[in-house]
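[1] Sharing a sequence plus its predicted fold:
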Amino acid sequence: MITPRVADLAARLPGAALPAYVHDLTALGAHAREVRAALPEGVELYYAAKANPAPELLRALAPHLDGYEVSSGGELAHVRAAVPGLPLAFGGPGKTEEELRLALDLGVERFHVESENELRLLADLVDERPGDARADILLRVNLPAGEGCELGGAVLAMGGRPGPFGLDPHRVEACLPLLRGRRLRLRGIHAHLASGLDAAAHLAVAARVVGWARSLADRYGIPLDEVVAGGGMAVDYVRPRTRFDWRAYGAGLRELAAAHPGVTLRIEPGRSLAAHCGWYVTEVLDLKHSQGEAFAVLRGGTHHLRTPAAKAHDQPFTVLPVEEWARSWPRPAALDEPVTLTGQLCTPKDVLARQVPVAELRVGDRIAFAMAGAYAWNISHHDFLMHPEPTFHFLN
Ligand SMILES: *Cc1c(COP(=O)(O)O)cnc(C)c1O
């Protein structure tokens, strides 16, 4: 699970460099190449930058992508600077006037419009600009889950039920007259309904979105150039060796694309591209038994790696034994028993993995948490308790 070069660096890093985030950019590139190869020609692959916006990752992914999905003015300025020249799609709820102006200044290629209010604001802002300025938009729709397309198995449902994301289908129709005479070009429909979907479920969502978009375009006699089926491809933290079935997904998209000639399909995964390329490496500071249960207290914690707390899972890990023990007293250890791995925060929520069996774990051993390449450092509350930040390493 841990790549040899990451294991090697994790063992060699000086103690002062821990905790450390180690990213294997070669493994990331190889994974992205496989994803790309599984997708039919013509299907566009964007990376959702919010999963991990580290410039090193953005650049390592660039050769395999058609563009990036960004969800704030901050992300859009950051991604534009890190990988200039690749298309950006600006999505997300609650875009401010300042962010929309910035997006127009930077020539963002696509706007994913989330509401009528946002549509009117964007149209007015485009009107303020020189005469030939245009904005290319997709309307984000919140399609109710339907037959053959249940979101029940999804880990996080963004759509299919009441929520702040996108437009109800009939409100999409209400937007169409607002476009008349405005300097906005409607390029198509965007949907991102759930995350944690397997290939079959994601294909059902994609087919439903494309079918709905097609019938809308036919009913109103408007062109349909593009349909975005979102991200949310499942990442299984319980079975870290399994991957989303990109081949089955690609084969299904090929059929879908063939059934809708002239429509460009686009997907925008984040987690499933980046999660497997990152490790959070740290060491055991203390180890004790409390009322019969073993607890290992690690340097760092969920203020660096909030993923297991946010998603309520055990972060998968590898123990990297360290043989030196220079202290004068016996080395505290857990032997052949379940151990709870906690961090340094003064809260019972600071748990990275709960009661996971280990053969041996001692104070001073190192631990590499896997699947820390997405929604990890960048979603964590770094400042709580004012511990030092981790160091960052990107292996090429
Ligand atoms: C978060 C998000 C994504 C990426 O989701 P993943 O689960 O990381 O693949 C894609 N599109 C939109 C609109 C998002 O909000």
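    Sure, I can see it.
[2] thought G163 was touching P144?
    No - in this structure, G163 is not within contact of P144 by CB atoms under 8 Å, at 11.3 Å. Every C-beta, even on glycine, is put in place using the N, C-alpha and C of the backbone.
[3] Does the ligand have contacts with stretch 132-143?
    No - in this structure, stretch 132-143 remains apart from the ligand according to CB under 6 Å from any ligand atom; the gap is never smaller than 7.5 Å.
[4] quick one: buried residues of that stretch?
    For stretch 132-143, burial by neighbour count (16 or more other CB atoms under 10 Å) applies to 135-143.
[5] Quote the end-to-end distance of it.
    Start-to-end span of stretch 132-143 (CA to CA, to the nearest Å) is 34 Å.
[6] mean confidence for that stretch?
    Model confidence over stretch 132-143 averages 95 on the pLDDT scale.
[7] what sits up against that stretch?
    Stretch 132-143 is contacted by residues 89, 91, 104, 109-114, 119, 122, 126, 158-160, 163, 165-169, 172, 175, 183-193, 208-209, 212-213, 226, 228 when judged by CB atoms under 8 Å, 6 or more residues apart in numbering.
[8] what about 7 Å?
    91, 104, 109-114, 122, 126, 159-160, 163, 165-169, 172, 175, 183-191, 193, 208-209, 212, 226, 228 (CB atoms under 7 Å, 6 or more residues apart in numbering).
[9] next one: stretch 45-57
    Residues lying outside stretch 45-57 but in contact with it, judged by CB under 7 Å, 6+ apart, are 23, 25, 28, 35-36, 39, 58, 61, 64-71, 75, 78-79, 82, 89, 231, 266-271, 273-274, 373-375, 378, 394.
[10] let's see it at 6 Å
    Applying CB atoms under 6 Å, 6 or more residues apart in numbering, the set of residues contacting stretch 45-57 from outside is 61, 65-71, 75, 78-79, 82, 231, 268, 270-271, 273-274, 373-375, 394.
[11] ok, then the element right after the lowest-mean-pLDDT helix or strand in the chain?
    Lowest on mean pLDDT, DSSP states H and E among the helices and strands of the chain sits strand 156-157, with a mean of 66. Per DSSP states H and E, the first helix or strand lying C-terminal to strand 156-157 is helix 169-175.
[12] Show me what the following helix or strand past that next one packs onto, helices and strands only.
    Taking DSSP H and E as the definition, the helix or strand that follows helix 169-175 towards the C-terminus is strand 184-190. For strand 184-190, the packing partners by 3 or more CB pairs under 6 Å, 6 or more residues apart in numbering; DSSP states H and E come out as strand 135-140, strand 226-228.
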